Structures are given as structure tokens and as C-alpha cells.
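Novice: Using only what follows, build the 3D model:
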Amino acid sequence: MQQQKHYRRDIDGLRAVAVLAVIIEHADIGLLPSGFLGVDIFFAISGYVITSSLLNRTQASFRELLLSFYERRIKRLVPALLICVLISSLLFALISARPGQEIWAGIWAIFGFSNIHFFREQTNYFSNSADLSLFLHTWSLGVEEQFYLLYPLIFWLATRRQRLAGQMMAIAACGLVGVCTLSRLMAGSALAFLPEQMRGLGVLPPLILALVIILLPVGMMRLRQSDWKSDYGLLFLVIATLSAMSFYGFVVLTAAQSPAAYFLTPNRFWEMGMGCLLALAVSGPKPTAPAAPQALAPGRRGLSLAVLAAIIGCFFLPISWKILSIPLIICLTLLLIGNTKANRPASKTVDQILSHPMVVYVGLISYSLYLWHWPLLVLTRWTVGVHGWSLALLFPLTLLIAMGSYHGVECRFRHASWAPSQQGSIGRGLAAQLAASSCLLALIHQPSNLLFTGAGRDEPVDLASLAIRDTTISISNCGQSSAASLRSCWLSPRPGRPLLVMLGDSHVAHLYPAVGWIRARTGIGIATYTTAGNAHQPFPTVNLGQGNAYLEALPAKAASINGFYRAVYPSIRPGDTVLLSSDLGRYFNAADPHSNPAFQDWLAKIGRLATDLEPKHITVVVVAPFPRFASGGGAHCQPQWFRPSLDAFCYSTRSAAEVTAATQPFIRALEKLAGNHPNLVVFNPTRLFCSASTGMCRNSRGNEVAYLDGDHLSPASASHVGAGLMAFLHQHSLLKQGRPLPPSRDIPTMSATSGGTGATP
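Specialist: Down below sits the predicted model:
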């Protein structure tokens, strides 16, 4: 009854607006570029609702408060999530020969940690490849569930154990000072961490941060004037301080490490924290007598309508504005909720919109709608493709499934008695999670994926498939320790043929199929190491500063690839070739690489490498950046009975002018360097995919897609890219051994680190 007393229809109406915006944006029909802001609305609402709920249970003991809170959360969230993940995983196993990676994400989602999983995978939420990730949408559920784990403890400490909470505040303040120190006091400029596209806005983003900091003492001054401060003033201060720290991290990391800013809870805490602060602010001191409801002033009625219109308008903003649009949507959401709070009627127009029965119903089923809409979209992309007719069927199907999930799962389990005690209900919820994850593990490890209904079960169609056929050279084998890679990633050449030493990140690995094609026709030898995956970096290795997600792993990976090169160096003979290929745009500013000290350092090291190898008559080939496309052809672009025609999503084109603009700065810098070193040449692959006559670049040849994703070649590119690279090597006389020298080409060992000046450049 108490919950019903404080129920607000307008908040469910706002949930409906948020979930519909997310669904429309995910459908990729171009209508709402920033529909993803609906998730941020959910975050703000969650903070407000959870705090309001806890404020109504302040008389409970610590044990009662926690058990009651976690029982309600488990009953509310877990059953629908488990059913959605299990059914979606089973359907995905029917249409994917290798469903393991996506199902693993489902296991992470079951336990509320999928956001951490996607961060570790360095997933770009806004990339086209993310549209094929079955459970990507559960990252936001992970953020909320991690918030739910922490917030009741903070609430209790700040309201019941204020002395201990004060000590924790002092520790948090020291932590904030430490963060500022580690970030070198914002590198001397607040603008230094902001995205390139935001720098033109001058001081506006730092101004937002300054306003948040200024509002903290203002809010506390108001608390000093209220009797309410003795109960909740410290909680307000704690949440406000943590939110300011969180917002600082969000602003900084949006530029320095976007996945961390997007996926990790500490950098999203401020959004839910602002909702908490609103709930505390509007609760105020408890009145001695209930106040009679009063009509809303005309100014406030107009404000509510203007705020709702502004919220909808934010969905039309460009994605590139997200560092501004996210704080803006949070402020507007809180303004709307606060202006239409429970003890004051809203504007008649706004109330008619948000409290309309149909809108409220969509809000009530919004959790199930959010759970199911994304897997259904992904499954559609993997099968018949997303077209006008398929969306026309998909939208009502999503609505029907969400209604069934809400009435048949959410309502049934939410109000049912799971066990005689609250801890028993929590235990059964955890047991259900463990049972569901066990089923998913069995699905992952089924022999040869017996459930797959398509053809070509063993055909490689993902990044793990980047390999040289019938050898141990693969992207997974050739990125291990140097010693292991020497054993697995060395193929001796035929007599009179050169050795090709290939070094770099995943962009050297995506050349494996093409180089394997060349080896089959020429007999060249291959020695290779790739830094693909965690701590990816180019070769020669350089200090990448704050732009890399795995700074703590970089030294180990750098030492490994450098150790591989030093071990191979004594075995390199005249006429051999060292080929370097890396995704340069990932590390250096493509628009102006010369402004990046790391790029200048990398160029200098390549120059020293060429100088070191010139006396041995070794040629260094640097592969210029490949054209990047909006999509590529993975497993979802293989013809199957359930995929009668390939979706247009598989094919991508770009104008040659665009590609040239993106790659030319790198090519000019490399060619200028090559002009100073006779044994340094640059291979430009652009002409393999771009036509001078049409002025267009394509990621395919005929119906065959030559890319796995937006920037990695597929095994299907072997002959096309192999022929182009082989012609280039012939042109520079790099396919014949210059002067064969004894001893024989045995696989070197890690002790072979001497010889010449084979130190890492």
C-alpha cells in the first residue's frame, strides 16, 4: 500500500519516452541519432526511485533494509533477464557456427557484469560491428545492478552511521586529490582531455564541470537552513561529492578512454547520483500536517511542457555531441521530475501525455521491452536482415513478447513468495543465476555446435580465423609469449627464398591469409608476432600515453614483441624483408599525425630500424592504412538457408576522396621517410579497393565481402590482397634470396638475442 501511495504515473510515462527513443535509435532508421540518451533517462529515474523507496523504509534495521532491498531487486530483474538470455542464446546457437563469444557475454549479463566484459573487449558501442553483439544492451543493466549493490550501504552509513560515513568522506576526498594528481592536474588544461570535435566549443565543457562543483556548497548552504539536514544532510553531501568525482571521470575519460567512460559504473554513478539528490531535495522536512494540493502556476506549467519538448529534442542531436547531450538530458530529466513531483500536479498537457494509460502501460513494460528489443534486432540482422518489411514485423513482435514477459514473468515472479524468508528468496535467485549460466556453458561447449542449422560449420568467419591455412600461424597463437610464438609462428623458407618477418597489431594478422596465398606460390618463409587484443600497439613500440586502455599491460606486450624481434634478428639474411603493419589511426591523430609526439617517435624508430638493417641488405616494408568501411562481412554475411540474401549491411562503399583524406597524411609521412632510406618502401593497399574510374571504394569484390568488419580483412581477401602484395614484392625484387648464408634456417631460440645491433629500435 505504501508503494502504491507513492506511485507516480508520470515517471512510468517518462520511462515509455526513454525506451521508445532507445528502440528507434537501435533500429538504425536514422530518425533519432541520439536515441541512446533514453538509457541516461533510465539512470536518472533509477536514482530517484531507489532513493525515494529507501526514504520510505528509514525505520528498518540494517539487516531488514538490505535484505528487503536486494530481495525486491532480484525479484524485479532476474527472472525476465534469465529467460531472455537463455532463449536468445538458444536461438543464436541455431544460426551461428561459433556462438561462444556472444553466449559468454550472456553469462556476464546474468550476474550483472556485462558492462565490465564489454569494456575489457574494448567494444565501441557506436560502431556498426556492435550491432551484431547479442547482449550488448545489457551493459546498462550491469551499471544499474552494480549501483544497487553499493547504494544501500552508502545510504545506511550516511543516515545511521554518520561518524563512520564522515571518515569515509575524508578518505574519498583524499582519493579525489590523488586522482587530480595522477592526471597531472588535468594536464595543465581542462581542454586537453576533451574530444577533438568538442574543442571548438571552448570552455563550455569545463564550465559544466565547474558548475557542478559550485553547486555543491550552494546545496549545502540551503541544507543548513532546514531541519532536514540532521537526517539526510550528510547523505546529500556524500552523494554530491561522489557524483562530482564521477562526472569528472566521465568528462576526462570520454576523450582519453571512451569505453571506460561509457561502460564503467564509476563514470556513470553521477547520473544515478543526480537522481538520488533530487529525491533527497524534493522530500524535504516531513510536514506536521499534509499540505493541500495546489494548482501549478502558469509559469511552471509552461516549464514542464518546454522541458519535455527539450528532452525529445535532445534525441535529434548528433552522436558526436554526447559529452554535452548526456549531462543535458540528465538535467532536463531531473527538472521534469522535480517540477511534477507527487505533491504538486503537473501541467495539464504534460500530465495528459505522460499519464495517458497507453503511455503508462508502455512504461510499465519498458524493462521487458528493453530486454527483448535488442536480441530480436540482432537475430534479424543475422538472418533476413533489417529492412522496411522486417521492421514492420519486428516492432509488433517485440511488443507482444514484451507484454508476455511483463505479465507472465515480471508480474508473476515479482509478487510471488519465493521462500519463507528474504534470505531464502535471495539464495534462490542466486541459484537460478548459477543454473542458467550452467545451461549457457553447456551450450558453448556442445560438440561441434550440433544445434547449428546452417552449412559450412567449419568455415572461419571471425577475427580468430585470421591464420595461414595448414600451419600454426594464427592471430591467437602469434600473440603469446615470444618463446611460444617462435615455435608456432616460424615457417622456414624454401632454398633460395627469403624470410618475411611480419610485426604489428591485428592489422598484421589480417594479412595472414594473403601471405599464406603468396607462400603457397613462392615458398617464402614467415616469422610473425602480433600485439592484437589487449595492450595492442604498433611496432616499433612507442609510449602511447593516455590513449590506450591497457597501460598496465603495455610494457609486458612491448617486451614480448621486442623480444621476438631480437630473437629473430640473428637469423635474418640478405634479401629478407621486415614487414610492419598496424592500425595507425587507432594510435595517432589521422587528421594531423605530425602534431602527435608518439607518431614522430614511431617514425624515428622506423628510420633507425631501416638504418640498422641496411648493412645486411634487409628491406623494410611499411603497410599504409587500409581503407576503413562502415561494416564488413563476418559470419552474418555468409549465405545460408535462413539468410536467403545478404543484407546491405554487409556491403559498404566510400568515396575515394574520403579514403584518401583519411590515409594520405600517414602515407605522405611514410613516403617522406622512405626517401631518406633506400631499403625502406611503402605498400599502399588503397588501390586494391578503390577505383580511379568510379571514384569509389568498396569492401567487396562482386558478391564476396573482403572485410570481416570495418577495418579487418577477411580470409576471403586472400587471393585479391595476396596478388596485390605479391606484385608489389616482385616490383621491388623481394621474393628471391639475395645471398644465402649458412647455417640452415632453424627456428631461433629466445637466447638468440645477440648479433649485430639487433636491439629494438
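Novice: so who does Ala669 touch?
Specialist: Residues in contact with Ala669 (C-beta atoms under 8 Å, 6 or more residues apart in numbering) are 593-594, 599, 603. In short, each C-beta sits where N, CA and C put it, glycine included.
Novice: in which helix or strand would I find it?
Specialist: helix 656-674 (DSSP states H and E).
Novice: Would you mind writing the CA trace of that helix as PDB?
Specialist: Extracted as PDB, the C-alpha positions of helix 656-674 are listed here (Å, rounded to 0.1, in the frame of the first residue of the first chain):
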ATOM      1  CA  ALA A 656      37.900   7.600 -52.800                       C
ATOM      2  CA  ALA A 657      38.300  11.200 -51.800                       C
ATOM      3  CA  GLU A 658      37.200  10.300 -48.200                       C
ATOM      4  CA  VAL A 659      39.600   7.400 -48.000                       C
ATOM      5  CA  THR A 660      42.400   9.400 -49.400                       C
ATOM      6  CA  ALA A 661      41.800  12.200 -46.900                       C
ATOM      7  CA  ALA A 662      41.900   9.700 -44.000                       C
ATOM      8  CA  THR A 663      45.100   7.900 -45.200                       C
ATOM      9  CA  GLN A 664      47.100  10.500 -47.100                       C
ATOM     10  CA  PRO A 665      48.700  12.200 -44.100                       C
ATOM     11  CA  PHE A 666      50.200   8.900 -43.000                       C
ATOM     12  CA  ILE A 667      51.200   7.900 -46.500                       C
ATOM     13  CA  ARG A 668      53.000  11.300 -47.100                       C
ATOM     14  CA  ALA A 669      54.900  11.000 -43.800                       C
ATOM     15  CA  LEU A 670      55.900   7.400 -44.600                       C
ATOM     16  CA  GLU A 671      57.000   8.200 -48.200                       C
ATOM     17  CA  LYS A 672      59.000  11.200 -47.000                       C
ATOM     18  CA  LEU A 673      60.800   8.900 -44.500                       C
ATOM     19  CA  ALA A 674      61.300   6.300 -47.300                       C
END
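Novice: Name the nearest residue to Ile323, ignoring sequence neighbours.
Specialist: Excluding the flanking residues, the one nearest Ile323 by C-beta to C-beta, 6 or more residues apart in numbering is Thr254, at 4.9 Å.
Novice: The one you found reaches Leu324, doesn't it?
Specialist: No: if you go by C-beta atoms under 8 Å, Thr254 and Leu324 don't touch, sitting 10.2 Å apart.
Novice: Neighbour count for these two, which is higher?
Specialist: More crowded of Thr254 and Leu324, by other C-beta atoms under 10 Å: Thr254, with 21 against 16.
Novice: what about the more buried one, is that helix, strand or coil?
Specialist: Following DSSP: H, G, I helix; E, B strand; the rest coil, the label given to Thr254 is helix.
Novice: any weak-confidence spans in the stretch 401-550 of the chain?
Specialist: 456-461, 482, 484, 534-535, 545-550 (pLDDT under 70).
Novice: doesn't Ser733 fall inside a strand?
Specialist: No: assigned with three-state DSSP, Ser733 falls outside any strand and is coil.
Novice: which residues are in contact with the helix or strand hosting Met274?
Specialist: Secondary structure assigned from DSSP H and E places Met274 in helix 269-283. Here helix 269-283 makes contact (C-beta under 8 Å, 6+ apart) with 40, 43-52, 55, 144, 147, 151, 219, 228, 232, 235-236, 239-240, 242-244, 246-247, 250, 326, 330-331, 334, 337-338, 341.
Novice: which among those end up buried?
Specialist: 40, 43-52, 55, 144, 147, 151, 219, 228, 232, 235-236, 239-240, 242-244, 246-247, 250, 326, 330-331, 334, 337, 341 (16 or more other C-beta atoms under 10 Å).
Novice: Show only the entries of these found in helices.
Specialist: Secondary structure assignment (DSSP state H) places 40, 43-52, 55, 144, 147, 151, 219, 232, 235-236, 239-240, 242-244, 246-247, 250, 326, 330-331, 334, 337 from the buried ones among the contacts of helix 269-283 within helices.
Novice: Confidence-wise, which helix or strand of the chain is lowest on average?
Specialist: Within the chain, no helix or strand scores below helix 184-187, which has a mean of 35 by mean pLDDT, DSSP states H and E.
Novice: Secondary structure class of Ala559, three-state.
Specialist: Ala559 - assigned by three-state DSSP - is helix.
Novice: gap between the one helix or strand Ala109 maps to and the chain center?
Specialist: When secondary structure is defined by DSSP H and E, Ala109 falls within helix 100-110. Taking C-alpha atoms, centre = their mean, to the nearest Å, the mean C-alpha location of helix 100-110 is offset from the chain mean by 15 Å.
Novice: Are there helices or strands packed against the helix or strand just after it, and which ones?
Specialist: Tracing the chain C-terminally past helix 100-110 and defining elements by DSSP H and E, one meets helix 114-120 next. Judged by 3 or more C-beta pairs under 8 Å, 6 or more residues apart in numbering; DSSP states H and E, the packing partners of helix 114-120 are helix 100-110, helix 139-160, helix 258-263.
Novice: Buried residues in helix 114-120, which are they?
Specialist: Buried, per 16+ other C-beta under 10 Å, within helix 114-120: 114-119.
Novice: now do stretch 624-643
Specialist: 624-629, 631-638, 640, 643.
Novice: tell me how far the ends of that stretch are from each other?
Specialist: The first and final residues of stretch 624-643 sit 35 Å from each other (C-alpha to C-alpha, to the nearest Å).
Novice: Let me see the mean pLDDT of it.
Specialist: Per-residue pLDDT values over stretch 624-643 give a mean of 82.
Novice: Going along the chain, name the strands of the chain.
Specialist: For the chain, applying DSSP state E gives strands covering 490-491, 499-504, 525-530, 577-581, 619-623, 653-655, 680-683, 690-691, 696-698, 700-701, 704-705.
Novice: For the third one, what is the distance to the chain centroid?
Specialist: Here the centre of strand 525-530 is set off from its chain's centre by 30 Å, with C-alpha atoms, centre = their mean.
Novice: do the same with the second one
Specialist: Here strand 499-504 shows a centroid-to-chain-centroid distance of 30 Å under the convention C-alpha atoms, centre = their mean.
Novice: repeat for stretch 402-421
Specialist: When distances are taken as C-alpha atoms, centre = their mean, stretch 402-421 is centred 32 Å away from the chain's centroid.
Novice: biggest helix in this structure, by residue count?
Specialist: helix 62-95.
Novice: Run the angle between that helix and helix 139-160 for me.
Specialist: 180 degrees (axes from the mean of the first three to the mean of the last three C-alpha atoms, to 10 degrees).
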